[in-house]
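J.: Got a predicted structure plus its sequence, pasted below:
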Amino acid sequence: MKLQVENVSFSYDEQKIIEDIRLHVKKGEFVGLLGPNGSGKSTILKTVYRALEPDAGDILLDNENLLSMKVKKIARNIGVVGQENSIPFDFKVEEIVAMGRNPYKKLFEGDTQVDKEIVTNALKQTGIEDLAQRNYIQLSGGEKQRVLIARVLAQQTNFLLLDEPTNHLDIYYQLQMFDLVKGLGVTVLAAIHDLNIAALYCDRMYVLKEGRLYKAGTPEEIITPEVIHEVYGIQVDVIIHPKTNKVSITYLPKSLDKREI
Ligand SMILES: Nc1ncnc2c1ncn2[C@@H]1O[C@H](COP(=O)(O)OP(=O)(O)OP(=O)(O)O)[C@@H](O)[C@H]1O
């Protein structure tokens, strides 16, 4: 499943939020969206999962126009883990994960044995079997996030859109979740703040600045002291880590003595 975003723009009232965004994600690729707060990462993802309608441009999923695709078809093709964890009613965890199966059902159709096995498996994969009978509303931020990741796993789509999917998770679960998603081998477009995590998992990345694409490339091409300074205005040190063979970044705070930098 591949995605093409072609010259997409979006404004709230008169204010341009993203402009002329061109990006693509090849089948099986893990692509990161980076950029400072407010640079437009969520807005791009929202236009792809149709929460927002672009003012201009096209979005194609496997060459089919996503903007005219039926909602149920989109739900069978695209799984979304958004930033907000709110669920309008207080369902049990297991019920929320089972909602991942809805795109495959007719109205009022119950869960089949296969659905139940898929849900059990998603609970296991995310390590939340113990939470299955708990009420969602009572969970911590990180637990909620794992429930929503389990729901998207139960949805079994070939394409995932992730908007900072692990921002509430401790580092153990962050790595577990990214390993899990990477292991699925599906196509992924993910907004990620943590540059080290992005470098570990992304095949390619796009950097946004003030609603426009600033640069695209591999983690080695993007995560350089120059680019990070231009985009985030901070000093960093970057090495290729001998164990991971991936870019590893150290932040150099302003408070550090200039001579030490
Ligand atoms: N409903 C809205 N009405 C007006 N402006 C909005 C609305 N939602 C978002 N914006 C603005 O759009 C811009 C882009 O926001 P967006 O959420 O896409 O950024 P982001 O890169 O995902 O940021 P973050 O890293 O903080 O999550 C911001 O300046 C934000 O204030």
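T.: Sure thing, it's come through.
J.: quick one: contacts for the residue nearest the centre of the chain?
T.: The C-alpha lying nearest the average C-alpha coordinate of the chain belongs to residue 162 (Cα atoms, centre = their mean; 1.5 Å). Residue 162 makes contacts with 80, 81, 181, 188, 189, 190, 191, 192, as judged by Cβ atoms under 8 Å, 6 or more residues apart in numbering. In short, each C-beta sits where N, CA and C put it, glycine included.
J.: List of residues touching the helix or strand hosting the fifth one?
T.: Put plainly, it is residue 189. Per DSSP states H and E: residue 189 is located in strand 187-191. By Cβ under 8 Å, 6+ apart, the residues outside strand 187-191 that reach it are 1-3, 25-34, 41-42, 45, 48, 158-165, 181-182, 202.
J.: so, in contact with the ligand or not, whichever helix or strand comes after that strand?
T.: Proceeding N to C from strand 187-191, the next assigned helix or strand is helix 195-201, under DSSP H and E. No: Helix 195-201 does not reach the ligand (Cβ under 6 Å from any ligand atom); its nearest approach is 12.9 Å.
J.: picking that back up, just the element for the residue nearest to the centre of the chain, please.
T.: strand 159-163.
J.: go on, residue 151?
T.: Using DSSP H and E, residue 151 falls in helix 141-155.
J.: buried residues in that helix?
T.: Within helix 141-155, the residues scored as buried using 16 or more other Cβ atoms under 10 Å are 142-155.
J.: what's the closest of these to residue 114?
T.: residue 154 (11.1 Å; Cβ to Cβ).
J.: Spatially nearest residue to that closest one, not counting backbone neighbours?
T.: residue 100 (3.1 Å; Cβ to Cβ, 6 or more residues apart in numbering).
J.: For residue 107, see how far away the one you found is.
T.: 17 Å (Cβ to Cβ, to the nearest Å).
J.: and what of residue 69?
T.: Per Cβ to Cβ, residue 69 is found 20 Å from residue 107.
J.: And the two? Which one has more around it.
T.: Neighbours per residue (other Cβ atoms under 10 Å) separate residue 69 from residue 107, with residue 69 holding more: 17 against 4.
J.: For that one, give me its contacts.
T.: If a contact means Cβ under 8 Å, 6+ apart, then residue 69 has residue 61 as its contacts.
J.: And stretch 19-28, how far out from the chain middle?
T.: When distances are taken as Cα atoms, centre = their mean, to the nearest Å, stretch 19-28 is centred 14 Å away from the chain's centroid.
J.: same deal with stretch 203-216?
T.: 15 Å.
J.: Who does the closest residue to the ligand within the stretch 51-200 of the chain form a beta bridge with?
T.: Residue nearest to the ligand within the stretch 51-200 of the chain: residue 191 (6.0 Å; Cβ to the nearest ligand atom). Note on residue 191: beta-bridge partners by DSSP bridges are residue 33, residue 163.
J.: For burial, what's the neighbour tally of it?
T.: As a burial measure, residue 191 scores 24 neighbours (other Cβ under 10 Å).
J.: Pull up the gap between it and residue 116, please.
T.: Separation of residue 191 from residue 116 (Cβ to Cβ) stands at 32 Å.
J.: and if you look at residue 196?
T.: In terms of Cβ to Cβ, residue 196 sits 38 Å off from residue 116.
J.: Which residues does the helix holding residue 151 contact?
T.: Residues contacting helix 141-155 (Cβ under 8 Å, 6+ apart): 75, 79-82, 85, 93, 96-101, 103, 118-119, 121-123, 125-128, 131, 136, 139, 160, 165-170, 173, 177, 180, 184.
J.: sorry, back to before: the strand holding residue 162 and the ligand in contact?
T.: No: using Cβ under 6 Å from any ligand atom, strand 159-163 never reaches the ligand; the gap is at least 7.1 Å.
J.: circling back to that earlier point, and the helix holding residue 151, what's its mean pLDDT?
T.: Mean pLDDT, helix 141-155: 92.
J.: Give me the distance from it to the chain's centre.
T.: On Cα atoms, centre = their mean, the centre of helix 141-155 falls 12 Å from that of its chain.
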